[in-house]
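Participant: sequence plus the predicted model coming up.
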Amino acid sequence: MRKFTIILMMFVSSLSFAQNAPINFEAGGQGANWTWTVFENATNPPLEIIANPDQSGANTSATVAKFTALQTGAPWAGVESAHGSTNLGPFVLNETNSTIKIMVWKSVISDVGIKLVAATGWAQPEIKVPNTLTNQWEELTFNFAGYLNPPASEGQLDQIVVFPDFNMAGRTQDNIVYFDNITFHPASAAPDMPSVAAPAPPVRDPADVLSIYSHAYTNVENTDFNPNWGQSTVVTFVPIAGNETIKYASFNYQGTQFANPLNVVTMQTLHIDMWTSNATTVNFSLISTGPVETPYSLAVTPNQWVSYDIPLTAFGAVNLADVIQFKFDGGTGTQSIYLDNIYFYKAGAVIEQPAVAAPTPPGRAPSDVMSVYSHAYTNIAGTDFNPNWGQATAVTFLNIEGNETMKYANFNYQGTQFASPLNVTQMETLHLDMWTSNGTSVNIFCISPGPVETPYALPITPNQWVSYDIPLSLFTGVNMADLIQFKFDGGNGAQSIFLDNIYFYRGPATSLPSVDENKVRVYPNPVKSGDRVTMSADVDQIEVYDAVGRKILSTTSSVINTEGLDQGIYILRIHTSSGKIQTERLFVN
């Protein structure tokens, strides 16, 4: 009898641990039929359960939740489930379920908050995690491992609260947020390597940079990144989000030996990007003949990339005309650090204009395209690219590698007025190419009479052309049979953006970008990873850039070996034998 009682108690106890999850908003699943209450959101429009508006990315589920964060709502506006057993249900937070994940689709970057509440209202503060992507699905992870369960007098946790757009700076507009697939997982260990690449360095004049290790600049040659100094450190080169990065495992100290002494007297600053999850002390030393070395302590912030810009005056007696080595030290032999973008630089004008033209659009049937601004297709007539809306923006058209490109200088906002309303109901996608060196927030609006306008936030990668293909379904509420205007906004009046290839389209491309007889052809394209790509003529040089603008290969051969290239889209910058520079996209399958 005692044995049966123990088993029964264990069974009842196990029931109390189980929350109703995953919360996936699907028919027959959890969430769709729950009682959700919106709070602190002005008029509190209800949470909607709708068809997934974007099944092209990480979330292919059929049904999601839609939350409209009103501009007039509180920064902490949110939505909460009902107490009791019919929604989330009573449960105990422990090592089996203390990692909570949620998928979000947002047009802005802001915190997402999650809070767990007991039946009496007892709760600890919410945990907030910002999204890092816009206009696509992203999974965020919340670590509740350090959180307590309620005292016995307060009952068990039985409610989840979601803050989809927690922005203490306030909103400049209504923001629609979709969320889905709230799941509970065992406690997870701290990450031991970065999940994202180091920040891309700015574009600089080559005369202003002396690079040791970076894919943004040309590095000094024949550097020995692993001389034998008796260290325990193990040096490897690992891909992080497609970007090669130096890893020091078992780190105690590590040297770098230059093939020839470096003269950096004309430089002013040393830049380093570092990531570590467990190192507590890291020093960097610059060394000249003697040896004469001066250490600089790198302030450590774990689990994120930290950029250091160290004045060369900090290295005291080191002879800057005779730098022979670097050294990192301070490790215990059990830690790891990751390094990228190690270079000297001096003040100079950061390049604020693209050096290459926007990517050439693919060939499409005329019936599948409605072009507003592109030299690849026939544009609609009579468009006013600079209507007077009181903007600070100055619109000009300039030549980049023989290709006319639109520039918005002093950008705060800018409209485009069509001569006649556009009916794009037969189209599926809006395409545009954008380049900026200093823009931090750019939104595009499709506008129909009313006006009815819906923004789309363009994720920014500085100093490279970025191609955006935006499903028209994301411009909710806009009458696609009666488009009268575009609008770009988000600038502060001191920034510049460059635009090209703004067009609506439907269906797949019918061909690769066309080339004239004087251009070098690239074939096969697309190419299977591991196969060779051949140019149709001799070239002086080919540079290969990945999707985030990092140079990963440079060759003087007319043949590229794609072995080692991940699947994706690459940019080829081809220096032809006639002295011209040609830009092509390479598709690796």
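Facilitator: Okay, I see it.

Participant: neighbours of residue 479, how many?
Facilitator: 17 (other Cβ atoms under 10 Å). Every residue, glycine included, has its C-beta placed from N, CA and C.

Participant: any idea how far the closest residue to residue 136 other than its chain neighbours is from residue 442?
Facilitator: Leaving aside its chain neighbours, residue 136 sits nearest to residue 57 (4.7 Å; criterion: Cβ to Cβ, 6 or more residues apart in numbering). Going from residue 57 to residue 442 by Cβ to Cβ, to the nearest Å gives 20 Å.

Participant: who's more crowded, those two?
Facilitator: For residue 57 versus residue 442, the count of surrounding residues by other Cβ under 10 Å is larger for residue 442: 22 against 14.

Participant: wait, doesn't that one sit right on residue 498?
Facilitator: No: Residue 442 is beyond contact range of residue 498, at 11.2 Å (criterion: Cβ atoms under 8 Å).

Participant: can you list residues touching both of those two?
Facilitator: Counting by Cβ atoms under 8 Å, 6 or more residues apart in numbering, the residues touching both residue 442 and residue 498 are 434, 436.

Participant: care to break the protein down by domain?
Facilitator: The record's domain split for the chain, according to automatic domain parsing, is 2-185, 206-345, 366-505, 522-588.

Participant: right, so of these, which gets closest to residue 198?
Facilitator: domain 206-345 (3.8 Å; Cβ to Cβ).

Participant: residue 95 and residue 235: what is the separation?
Facilitator: In terms of Cβ to Cβ, residue 95 sits 36 Å off from residue 235.

Participant: those two: which is more packed in?
Facilitator: residue 235 (18 against 9).

Participant: just to revisit the earlier point, can you lay out the domains of the chain as a markdown table showing mean pLDDT?
Facilitator: Shown next, in a markdown table, are the domains of the chain (pLDDT from 0 to 100):
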| stretch | mean pLDDT |
| --- | --- |
| domain 2-185 | 87 |
| domain 206-345 | 94 |
| domain 366-505 | 92 |
| domain 522-588 | 78 |
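
Participant: distance to residue 200 added to those domains, as CSV?
Facilitator: Below are those laid out as CSV (distance: least, Cβ to Cβ, whole Å):
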stretch, distance to residue 200
domain 2-185, 15
domain 206-345, 6
domain 366-505, 7
domain 522-588, 6
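
Participant: of all those, which lies closest to residue 192?
Facilitator: Of all the domains of the chain, domain 206-345 comes closest under Cβ to Cβ, at 5.3 Å.

Participant: start to end distance for that closest one?
Facilitator: 9 Å (Cα to Cα, to the nearest Å).

Participant: so how far is it off the chain centroid?
Facilitator: Domain 206-345 sits 26 Å away from the centroid of its parent chain (Cα atoms, centre = their mean, to the nearest Å).

Participant: cool, stretch 434-444 as well?
Facilitator: Using Cα atoms, centre = their mean, the offset of stretch 434-444 from its chain centre is 13 Å.

Participant: quick one: buried residues of stretch 485-493?
Facilitator: Within stretch 485-493, the residues that count as buried by 16 or more other Cβ atoms under 10 Å are 485, 486, 487, 488, 489, 490, 491.

Participant: ok, back up a step: out of the domains of the chain, nearest to residue 195?
Facilitator: domain 206-345 (7.2 Å).

Participant: okay, the buried residues of stretch 485-493 in JSON lines with distance to residue 175 and secondary structure next?
Facilitator: Converted to JSON lines, the buried residues of stretch 485-493 look like this (distance: Cβ to Cβ, whole Å; DSSP: H, G, I helix; E, B strand; the rest coil):
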{"residue": "485", "distance to residue 175": "21", "secondary structure": "strand"}
{"residue": "486", "distance to residue 175": "20", "secondary structure": "strand"}
{"residue": "487", "distance to residue 175": "17", "secondary structure": "strand"}
{"residue": "488", "distance to residue 175": "18", "secondary structure": "strand"}
{"residue": "489", "distance to residue 175": "14", "secondary structure": "strand"}
{"residue": "490", "distance to residue 175": "13", "secondary structure": "coil"}
{"residue": "491", "distance to residue 175": "19", "secondary structure": "coil"}
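
Participant: closest to residue 133 among the residues you listed?
Facilitator: For those, the nearest to residue 133 is residue 490 (16.7 Å; Cβ to Cβ).

Participant: can you tell me how far the closest residue to that closest one other than its chain neighbours sits from residue 455?
Facilitator: If the residues on either side of it in the chain are set aside, residue 490 comes closest to residue 441, at 3.7 Å by Cβ to Cβ, 6+ apart. Per Cβ to Cβ, residue 441 is found 11 Å from residue 455.

Participant: ok, which stretches of the stretch 1-150 of the chain are helices?
Facilitator: All helices of the stretch 1-150 of the chain, identified by DSSP state H, counting those that start in this stretch, fall at 2-16.

Participant: can you give me the strands in it?
Facilitator: 37-39, 48-51, 63-69, 78-80, 99-105, 111-118, 127-130, 137-143 (DSSP state E, counting those that start in this stretch).

Participant: please apply the same query to the stretch 351-500 of the chain.
Facilitator: 369-373, 394-400, 403-411, 413-422, 429-435, 443-448, 452-457, 466-471, 483-489, 495-505.
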